[in-house]
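K.L.:
Generate coordinates for the sequence data below:
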Amino acid sequence: MQRLGLISAAAMLAALGLAAVSRAEAPASAPRFTADGKMEFPKDYRTWVYLSTGMDMSYSEAAAANPDAHMFDSVFVNREAYDGFQKTGHWPDKTVMVLEVRKGATKGSINKRGQFQTDRLGAEVHVKDAARFKSTGGWAFFGFNSDKPAPITPPGAGCISCHEAHAAVDTTFVQFYPTLLPIAQARKTLSANYLKDEAGDAAVK
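P.N.:
Have a look, this model is predicted:
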């Protein structure tokens, strides 16, 4: 009886250990949603992998330029997704990318020239969840003006169609991420639409 008791205790400890490992391996940065389908803002995104920053970028030549107003957009991605991309050149399920938009300023402290970032104006989150967003290829956008849960961006919105038509990899603008583009080139995961855009640009030049 004592031997059986020891075996049972050992089995219980092993089960608890496996449960702990399972919890530890669960992606801490996986997307989370409310009961009504809104996405919870990933408040710790600034601890994720930094990909790139653009300044005053626009995908439209007709965009009005204001010399006194500048914006920075910085992109962060969860570590699990970044590691997956390194291996395959594609984004794995539960990828979460945050585009953070901040004001640019010239006057401040000891700065005499150039721009630096100030207040956050908003954020756009690009999420891959194959089961939840099956009808849109597994991807969806959410726009945040605060840290409160936000509804999904309608599938017909301009940002989605632009990404589908011009994104380098998996509806994401890897062409603007200098540390990832070489990986996609080496893995041959660049989209046909992106390669067509590049060929057109080369012909114009």
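K.L.:
Please identify the next secondary structure element, helix or strand, after the helix or strand bottoming out on mean pLDDT in the chain.
P.N.:
Ranking every helix and strand in the chain by mean pLDDT, DSSP states H and E puts helix 2-25 at the bottom, with a mean of 42. Remark: after helix 2-25, the chain's next helix or strand is strand 49-55, criterion DSSP states H and E.
K.L.:
Can you point out the buried residues in that next one?
P.N.:
Judged by neighbour count using 16 or more other Cβ atoms under 10 Å, the buried positions of strand 49-55 are 49, 51, 52. C-beta coordinates here come from the backbone N, C-alpha and C atoms, glycine included.
K.L.:
Mind checking what secondary structure residue 124 has?
P.N.:
Three-state assignment for residue 124 (DSSP: H, G, I helix; E, B strand; the rest coil): strand.
K.L.:
Would you mind naming the residues that bridge with the closest residue to it other than its chain neighbours?
P.N.:
Of all residues not flanking residue 124 in the chain, residue 99 sits nearest, at 4.4 Å (Cβ to Cβ, 6 or more residues apart in numbering). Counting by DSSP bridges, residue 99 is bridged to residue 75, residue 124.
K.L.:
For residue 99, give me its contacts.
P.N.:
Residues counted as contacts of residue 99 (Cβ atoms under 8 Å, 6 or more residues apart in numbering) are 73, 74, 75, 123, 124, 125, 126.
K.L.:
So which residue is smack in the middle of the chain?
P.N.:
A centroid search over the chain (Cα atoms, centre = their mean) returns residue 97, at 0.9 Å, as the residue closest to the centre.
K.L.:
I'd say it and residue 77 touch.
P.N.:
Yes. At 4.8 Å, residue 97 counts as touching residue 77 under the criterion of Cβ atoms under 8 Å.
K.L.:
any shared contact partners between these two?
P.N.:
With Cβ under 8 Å, 6+ apart as the test, residue 97 and residue 77 both reach residue 51.
K.L.:
Just the pLDDT at the nearest residue to residue 159 once chain neighbours are set aside, thanks.
P.N.:
Of all residues not flanking residue 159 in the chain, residue 141 sits nearest, at 6.0 Å (Cβ to Cβ, 6+ apart). For residue 141, the model assigns a pLDDT of 96.
K.L.:
Specify the local secondary structure of residue 141.
P.N.:
Under three-state DSSP, the three-state class of residue 141 is strand.
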